[in-house]
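Chemist: Predicted model, plus sequence, below.
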Amino acid sequence: MACYSLIMDELSKRYQAVRERITQAALRAGRTPESVQLLVVSKTFGSEQVAHVAALGQRNFGENYVQEGVDKIVALTGVPGLVWHCIGPLQSNKTRLVAEHVDWVHSVDRLKIAQRLSEQRPAHLPPLQVCLQVNIDGGPTKAGVPPADALALAQAVAALPRLQLRGLMTIPEPADTFDAQLAVHQQAKHLFDELKAALALPHVDTLSMGMSADLEAAVQAGSTLVRVGTAVFGAR
Ligand SMILES: *Cc1c(COP(=O)(O)O)cnc(C)c1O
């Protein structure tokens, strides 16, 4: 029990500190704290630790590796109201597992994957909520649709029957200064605004950007959802 309380204390402190960072960043940006959602990234941590954070009131969790994520989803079916997000690279042979188990996918970057997810989404579940991953800073080896192709992909994805397009996701290269982080996040915000104007779909409301090291700059630029792992769970 002593050990359990220690872990809970530590996780609780870190979790509240992250919430406070988001609140302060939002207020500095002239935004309401509620306009920024927290997605806690639980990759490499066990379902017990996820349960600890869920006990603090957290509902949205993100996983990178499909099988690891599904194992945790199954282990935690007894915890009501959890919302699971797939944020890692997606191969064709993993789309069925994802379509059958998760609520959101942030890492759709090609139509073929989106089509498979739509075909494989079970009829008894709500539409899969989808963000398109954009390679916002143009890294040659990085996942993500090039910004110039994002609108065409968004239009095709929005037409798929079992997916609901929610917005964009980015993973910029780490940058040292706030201003450098902000500059890239602002490019993503600009693209997101263009996309929203062109699509005019009310449910396109999510800009998934910002992690432990750059969430303040992401919130300043207009992120609506930050994905935070290390700052909650510690180093992986
Ligand atoms: C691991 C990961 C995160 C969380 O990163 P931290 O630096 O640990 O906060 C966010 N998004 C994606 C896509 C990740 O893979």
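Modeler: Good, I have the coordinates. Numbers count the residues shown, from 1 in each chain.
Chemist: from here on, contacts and neighbour counts on C-alpha atoms
Modeler: OK.
Chemist: What count of nearby residues applies to Gln58?
Modeler: As a burial measure, Gln58 scores 18 neighbours (other C-alpha atoms under 10 Å).
Chemist: hmm, I was thinking of Pro161
Modeler: Using other C-alpha under 10 Å, Pro161 is surrounded by 13 other residues.
Chemist: and it, what is it in contact with?
Modeler: Ser118, Pro127 (C-alpha atoms under 8 Å, 6 or more residues apart in numbering).
Chemist: Check which residues of stretch 158-177 are buried.
Modeler: Neighbour counts over stretch 158-177 (16 or more other C-alpha atoms under 10 Å) mark 158, 160, 162-172 as buried.
Chemist: out of these, which are inside strands?
Modeler: If you go by DSSP state E, these have Leu163, Gln164, Leu165, Arg166, Gly167, Leu168, Met169, Thr170 in strands.
Chemist: Tell me which two of the buried residues of stretch 158-177 sit farthest apart.
Modeler: Maximum pairwise distance in these, criterion C-alpha to C-alpha, is 29.0 Å, between Arg162 and Pro172.
Chemist: what helix or strand does Ala51 sit in?
Modeler: Using DSSP states H and E, Ala51 maps to helix 47-55.
Chemist: How far off centre is that helix?
Modeler: Relative to its parent chain, helix 47-55 has a centroid offset of 18 Å by C-alpha atoms, centre = their mean, to the nearest Å.
Chemist: swap in stretch 158-165?
Modeler: Remark: stretch 158-165 is offset 18 Å from the chain centroid, using C-alpha atoms, centre = their mean.
Chemist: Get me the contact residues on this structure for the ligand.
Modeler: Residues of the chain lying close to the ligand (C-alpha under 6 Å from any ligand atom) are Val41, Asn64, Ile87, Gly88, Met211, Ser212, Arg227, Val228, Gly229, Thr230, Ala231.
Chemist: 8 Å instead, please
Modeler: Counting by C-alpha under 8 Å from any ligand atom, the chain comes close to the ligand at 40-41, 43, 62-64, 87-88, 107, 170-171, 209-213, 226-232, 234-236.
Chemist: Filter the residues you listed down to the ones in helices?
Modeler: Thr230, Ala231, Val232 (DSSP state H).
Chemist: what's near enough to touch the last one?
Modeler: The neighbourhood of Val232, defined by C-alpha under 8 Å, 6+ apart, consists of Leu11, Arg14, Tyr15, Val18, Val40.
Chemist: Any figure for the gap between it and Ala175?
Modeler: To Ala175, Val232 is 21 Å away according to C-alpha to C-alpha, to the nearest Å.
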